[in-house]
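**Student:** Sequence first, then the predicted structure, then my questions.
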Amino acid sequence: MPHSFGTRARTRHMFAKKFRQHGPTRLSQYFLPVKVGDYVDIFANPSIHKGMPHKHYHGRTGIVFNVTKSAVGVRVNKLVNGRILEKRIHVRIEHIRKSKCQKEIIARKQANEAAKKRAAETGEKADLKRHPKPPKEGYFLAAPGGDGEITTIQPLPFSDLV
């Protein structure tokens, strides 16, 4: 049972860098192009203490609502006493990553637009709906002997040896 309840309590592994990932932050992190409305993942960089988010927000995804010279404002949902509140926090740029949560949606959107364009050119109707994966097709498994003859195996009759 823990007895310390500080802001960084129980973050031994959360705020530790991964194996062979130690060292200074790459400069590309500071040049990360972030715009208002982008989805970002909040991942606290333990080597930089300034502008670090609270441990609750580590690993959460939010939407950027403000961009300043060294930080970004992020809207994040937080569960408080059974209700979800939208929290607005400012986090330094070192502690965020671009989220990949919209990647599949954007790819599907582009594929749908291409399918619509193709359908308009050919004059046929395009099906843009998502369909569940159908079951696998049935097939016959080739016999290991390779002669194509089916053998029936019968159980041996029970014999009491005692």
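**Tutor:** Ah, there it is. Numbering: from 1, shown residues only.
**Student:** And the strands in this protein, which stretches?
**Tutor:** Chain-ordered strands for the chain, with DSSP state E as the definition, fall at 39-42, 61-67, 71-80, 83-92, 96-98.
**Student:** Which of those strands has the highest mean neighbour count?
**Tutor:** Neighbour counts averaged per stretch over the strands of the chain are highest for strand 39-42, at a mean of 20; criterion: mean count of other Cβ atoms under 10 Å. For the C-beta atoms, the positions are set from N, CA and C on the backbone; glycine is no exception.
**Student:** Can you tell me the strand partners of it and which way each runs?
**Tutor:** Within its sheet, and counting by DSSP bridges, strand 39-42 is paired with strand 61-67 (antiparallel), strand 96-98 (antiparallel).
**Student:** okay, these in CSV with distance to residue 139 and mean pLDDT next?
**Tutor:** Supplementary listing: the strands paired with strand 39-42 in CSV, determined by distance: least, Cβ to Cβ, whole Å; pLDDT from 0 to 100:
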stretch, distance to residue 139, mean pLDDT
strand 61-67, 42, 97
strand 96-98, 43, 96
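**Student:** got those strands as TSV, with distance to residue 25 columns?
**Tutor:** Rendered in TSV, the data for these read as follows (distance: least, Cβ to Cβ, whole Å):
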stretch	distance to residue 25
strand 61-67	19
strand 96-98	12
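**Student:** Residue 137: which of those strands is closest?
**Tutor:** Nearest of these to residue 137, taken as Cβ to Cβ: strand 61-67 at 38.2 Å.
**Student:** Just the angle for that closest one relative to strand 71-80, thanks.
**Tutor:** Taking axes from the mean of the first three to the mean of the last three Cα atoms, to 10 degrees, one finds that strand 61-67 is oriented at 140 degrees with respect to strand 71-80.
**Student:** So what touches strand 61-67?
**Tutor:** Applying Cβ atoms under 8 Å, 6 or more residues apart in numbering, the external contacts of strand 61-67 come out as 34-42, 72-77, 88-90, 99, 101.
**Student:** and the gap between the residue nearest the centre of the chain and residue 41?
**Tutor:** Ranked by distance to the mean C-alpha position of the chain (Cα atoms, centre = their mean), the top residue is residue 101 at 5.8 Å. Look at residue 101 and residue 41: by Cβ to Cβ, to the nearest Å, they are 8 Å apart.
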